[in-house]
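Engineer: test case, fold it:
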Amino acid sequence: MNIFKKTAISFAALSVVAAPVAASAAASAPRAASVVDGASELEGNSSWIIGLVGLLVGVGAIILVADNDEDSPVSP
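Structural biologist: All right, here's what the predicted structure looks like:
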């Protein structure tokens, strides 16, 4: 391996180790809480959106799998 690969791997390993440490240090700071009633008009159940996205992904997967490609090679 050349020096650039070793350096990239070292930085990746350092980021894997340093990210949780930095996140835990940032979480210890106290946060100010505020109470807001009725500020959002979008309150409610949005599970139908998740279901719709899941349905569309499922239909798309079925279409991709069931697609009848006639691209098979033919011997002359």
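Engineer: which one's the longest helix in this structure?
Structural biologist: In the chain, assigned by DSSP state H, the helix with the most residues is helix 3-27.
Engineer: after it comes which helix or strand?
Structural biologist: Following helix 3-27 in sequence order, the next helix or strand is helix 47-66 (DSSP states H and E).
Engineer: on the three-state scheme, Ser75 is what?
Structural biologist: Put simply, Ser75 is coil when judged by DSSP: H, G, I helix; E, B strand; the rest coil.
Engineer: give me the pLDDT for it.
Structural biologist: If you check Ser75, the pLDDT there is 70.
Engineer: return the helix or strand in the chain with minimum mean pLDDT.
Structural biologist: Lowest on mean pLDDT, DSSP states H and E among the helices and strands of the chain sits helix 3-27, with a mean of 77.
Engineer: which outside residues touch that one?
Structural biologist: The contact list for helix 3-27 (Cβ atoms under 8 Å, 6 or more residues apart in numbering) is empty. Glycine gets a C-beta too; all of them are placed from N, C-alpha and C.
Engineer: burial count for Gly60?
Structural biologist: Gly60: 10 surrounding residues under other Cβ atoms under 10 Å.
Engineer: please begin residue numbering at 118 from this point
Structural biologist: Understood, numbering begins at 118; the last thing we discussed is Gly177.
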